[in-house]
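In: got a sequence here, can you model it:
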Amino acid sequence: MNEAMHNFLSIDLLPMLAGTLAAVTCGLLGNFLVLRRLSLMGDAISHSVLPGLVMAFLITGMRSPIAMFGGAAIAGVVTVVLVELVKKLGRVEPGAAMGVVFSVLFALGVLLIERAAARQVDLDADCVLHGQLETLFWFPPGDWGQLFSFTTLSEVPRQVVTLIVMTIAAVVFVALLFKELRIAAFDPALATTLGYNAGMLHYLLMIFVAAATVASFEAVGSILVIAMLVCPAATARLLTDRLRSQIVCSVVVAGVSGIGGYVAATALPAAFGLEAVNAAGMMTVVAALLLVIAIVFAPQRGIIARRLHQRRLGRTVALDDMLAALYRLEEAGTESVDKAQLATLQRGHKADHALDQARKQLLVASVSGAIQLTEAGRAAARQIIRRHRQWERYLVDQAGFAADHVHEPAEQLEHINSAAVQRNLAAATKQASVDPHGRPVPNNNGDDDPESATH
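Out: Below is the predicted model of the structure:
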């Protein structure tokens with residue numbers, strides 16, 4: 001083993017591994033918090049387990065993982081119960097209830113820490129908030145053959161071992177109860193109806209979140225825990241609609257955040273002759289950066305994708321409105337209009353672009369400067385008018401709208417071109433041959449007898 005590899009194993013491996021394990025564990029469990037719109041619950045538990053940790057420490061006088069886990073689990077359950085009580089008895093929204101509970105419990109935890117410090121008990125507030133990744137050293141032998149011996153592995157710091165056990169436990173928990181957790185996340189009432197106790201699953205999930213929090217506190221601190229309970233799951237949610245894919249994606253994002261954050265905190269500053277920065281903090285920054293990238297560039301839900309979709313939709317709406325306007329003019333006996341009249345009919349809304357698009361698709365033709373529908377354009381316009389008047393009929397007959405209040409809603413609904421929606425709409429209005437204003441509903445084959453009326 002060369003010196004560079006030995007230095008990496010001694011100084012960098014365990015801090016990077018601890019941060020990555022904490023990120024993966026929290027990111028895995030955070031999926032179900034995000035799906036249930038309980039992202040703030042992770043923040044609440046990560047803060048409110050603090051008094052549980054301190055009380056366990058004051059009672060036992062040592063940082064035993066079992067005692068810490070017990071204190072955190074109890075504090076986590078108490079947090080969930082108090083949130084439910086405040087929400088129901090105070091009749092406040094869940095976010096307000098969680099904010100009140102975790103603020104009070106976190107303040108109590110800080111107060112207890114100060115009391116513990118006054119009694120010279122070994123508990124550091126800075127460790128709880130920011131973690132101590134930089135203190136995780138290991139001194140492996142220089143021989144590869146002895147690296148994986150029991151004696152060498154037994155010298156791995158307790159924090160890393162705790163995180164390894166917690167990560168395995170979280171993976172097993174999600175794998176064994178995936179179906180139940182999925183149903184309870186999307187529809188708790190359905191889960192209870194099917195025989196799965198949604199309330200018990202909720203409390204069990206909160207206990208695991210509390211356990212992941214306490215397992216991560218000493219190594220990475222509460223800041224990274226809070227970020228990893230939300231950022232990887234939120235990033236994955238922007239990238240996929242399937243829960244299995246979301247979980248896998250969130251674990252990948254968490255792993256990239258852990259490894260990339262540690263490298264960015266240590267190797268990058270060193271390359272520029274600067275001092276290393278807090279590794280847990282940089283992992284949080286990388287997770288937030290990945291979330292921002294997903295918000296902007298996600299293929300379906302990203303800002304760019306949504307803007308492009310809105311732009312395409314706007315062009316489609318403008319084209320549909322132009323074809324419908326020309327069809328209504330034909331109904332009234334006007335075969336063609338000039339460009340200025342067409343812009344007036346569309347109130348200037350993307351009229352030029354819609355006209356260019358219609359010409360490219362051979363939906364309109366210009367004859368001596370006048371614009372009129374082609375046969376293809378007339379067929380397309382007929383379908384738009386058909387949907388419009390069917391929606392007007394539906395809104396009056398089925399939704400109880402007044403006849404003079406249906407035009408604007410129908411103008412928006414007419415652009416829905418889903419085959420399933422159109423089948424259901426046609427079935428609901430199949431007995432209607434005219435709209436509420438007495439105008440004929442065009443047939444698909446065009447065998448209609450338009451009356452002279454415009455709207």
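In: burial measure for the closest residue to Glu330 other than its chain neighbours, as a count.
Out: Using C-beta to C-beta, 6 or more residues apart in numbering and skipping the chain neighbours, the partner closest in space to Glu330 is Leu373 (6.8 Å). Heads up, the C-betas are built off the backbone N, CA and C, glycines and all. Other residues within reach of Leu373, judged by other C-beta atoms under 10 Å, total 23.
In: what about the stretch 101-250 of the chain, any weak spots by pLDDT?
Out: For the stretch 101-250 of the chain, applying pLDDT under 70 flags the ranges 116-132, 139-153, 218.
In: kindly report the same for the stretch 251-400 of the chain.
Out: The stretch 251-400 of the chain contains residues with pLDDT under 70 at 345-350.
In: could I get the full set of helices for it?
Out: Ranges of helices within the stretch 251-400 of the chain are 279-297, 303-331, 339-345, 351-360, 375-397, based on DSSP state H, counting those that start in this stretch.
In: do the stretch 51-200 of the chain as well
Out: Under DSSP H, counting those that start in this stretch, the stretch 51-200 of the chain gives helices at 65-89, 94-118, 125-130, 144-147, 150-153, 158-176, 178-186, 188-193, 198-239.
In: looking at these, which is nearest to Gly30?
Out: Set against Gly30 and scored by C-beta to C-beta, these come closest in helix 198-239, at 4.1 Å.
In: who are the contact partners of whatever residue is furthest in space from the centre of the chain?
Out: Centroid-distance maximum for the chain: Ser368 at 54.9 Å, with C-alpha atoms, centre = their mean. For Ser368, no contacting residues are found, by C-beta atoms under 8 Å, 6 or more residues apart in numbering.
In: distance between stretch 30-42 and the chain's centre?
Out: 10 Å (C-alpha atoms, centre = their mean, to the nearest Å).
In: for stretch 399-417, same thing?
Out: 32 Å.
In: next: stretch 221-228.
Out: 18 Å.
In: is Gly221 in contact with Met283, as I believe?
Out: No - at 10.4 Å, Gly221 does not count as touching Met283 under the criterion of C-beta atoms under 8 Å.
In: looking at these two, which is more packed in?
Out: Met283 (33 against 24).
In: residues near Thr167, how many?
Out: Applying other C-beta under 10 Å, I find that Thr167 has 20 neighbouring residues.
In: just checking, what packs against the host helix or strand of Glu411?
Out: Per DSSP states H and E, Glu411 falls inside helix 407-413. For helix 407-413, the elements it packs on are helix 375-397, judged by 3 or more C-beta pairs under 8 Å, 6 or more residues apart in numbering; DSSP states H and E.
In: what about the closest residue to Val337 other than its chain neighbours, how many residues nearby?
Out: Sequence neighbours aside, Ile371 is the residue nearest to Val337 in space, at 5.8 Å (criterion: C-beta to C-beta, 6+ apart). Counted by other C-beta under 10 Å, the residues lying close to Ile371 total 20.
In: now swap in the one 3 residues further on and tell me
Out: Thr374 is surrounded by 15 other residues when neighbours are defined as other C-beta under 10 Å.
In: my read: it touches Leu363, true?
Out: Yes - with contacts counted by C-beta under 8 Å, Thr374 reaches Leu363, the gap being 6.1 Å.
In: neighbours of Leu111, how many?
Out: Leu111: 13 neighbours (other C-beta under 10 Å).
In: so who does it touch?
Out: Under the criterion of C-beta under 8 Å, 6+ apart, Leu111 has no contact partners.
In: repeat for Leu290
Out: For Leu290, the contacting residues are Cys231, Pro232, Thr235, Val253, Val256, Ser257, by C-beta under 8 Å, 6+ apart.
In: I figured the last one hits Met283, correct?
Out: Yes - when contacts are counted by C-beta under 8 Å, Ser257 is listed as touching Met283 (5.4 Å).
In: any common contacting residues for the two?
Out: With C-beta under 8 Å, 6+ apart, Ser257 and Met283 have common neighbours Ala23.
In: alpha carbons only: can I get the helix holding Glu411 in PDB?
Out: Extracted as PDB, the C-alpha positions of helix 407-413 are listed here (Å, rounded to 0.1, in the frame of the first residue of the first chain):
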ATOM      1  CA  HIS A 407     -68.800  30.500 -23.200                       C
ATOM      2  CA  GLU A 408     -65.600  31.400 -21.400                       C
ATOM      3  CA  PRO A 409     -65.200  28.100 -19.500                       C
ATOM      4  CA  ALA A 410     -65.900  26.200 -22.800                       C
ATOM      5  CA  GLU A 411     -63.300  28.300 -24.600                       C
ATOM      6  CA  GLN A 412     -60.700  26.900 -22.100                       C
ATOM      7  CA  LEU A 413     -62.000  23.300 -22.100                       C
END
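In: in that helix, what's buried?
Out: Of the residues in helix 407-413, those buried by neighbour count under the rule 16 or more other C-beta atoms under 10 Å are His407, Ala410, Glu411, Leu413.
In: ok, so of those, who is nearest Ala215?
Out: Nearest member of these to Ala215, counting by C-beta to C-beta, is Leu413, at 52.6 Å.
In: farthest pair in the contacts of Leu290?
Out: Comparing all pairs in the contacts of Leu290 by C-beta to C-beta, the longest separation belongs to Cys231 and Val256, at 11.1 Å.
In: ok, these two, which is more surrounded?
Out: Neighbours per residue, other C-beta under 10 Å: of Cys231 and Val256, the larger number sits with Cys231, 31 against 18.
In: now that one: closest residue in space that isn't a chain neighbour?
Out: That would be Ala287: by C-beta to C-beta, 6+ apart, it lies 4.0 Å from Cys231.
In: my read is that that neighbour contacts Pro232, right?
Out: Yes - if you go by C-beta under 8 Å, Ala287 and Pro232 touch, sitting 6.5 Å apart.
In: residues shared between the contacts of these two?
Out: Ala23, Val253, Ala254, Ser257.
In: show the contacting residues for the third one.
Out: The one in question is Ala254. With contact set as C-beta under 8 Å, 6+ apart, Ala254 has these partners: Thr20, Ala23, Val24, Cys26, Gly27, Leu28, Met228, Pro232, Ala287.
In: which ones are touching the third one?
Out: Val24 sits next to Thr167, Val251, Ala254, Gly255, Gly258 when contact means C-beta under 8 Å, 6+ apart.
In: just the buried residues of helix 407-413 now: which is nearest Leu425?
Out: Leu425 lies nearest to Leu413 out of these, by C-beta to C-beta, at 8.8 Å.
In: the closest one contacts Arg387, doesn't it?
Out: Yes - with contact defined as C-beta under 8 Å, Leu413 and Arg387 form a contacting pair (7.4 Å).
In: domains of the protein?
Out: 3-229, 307-428 (automatic domain parsing).
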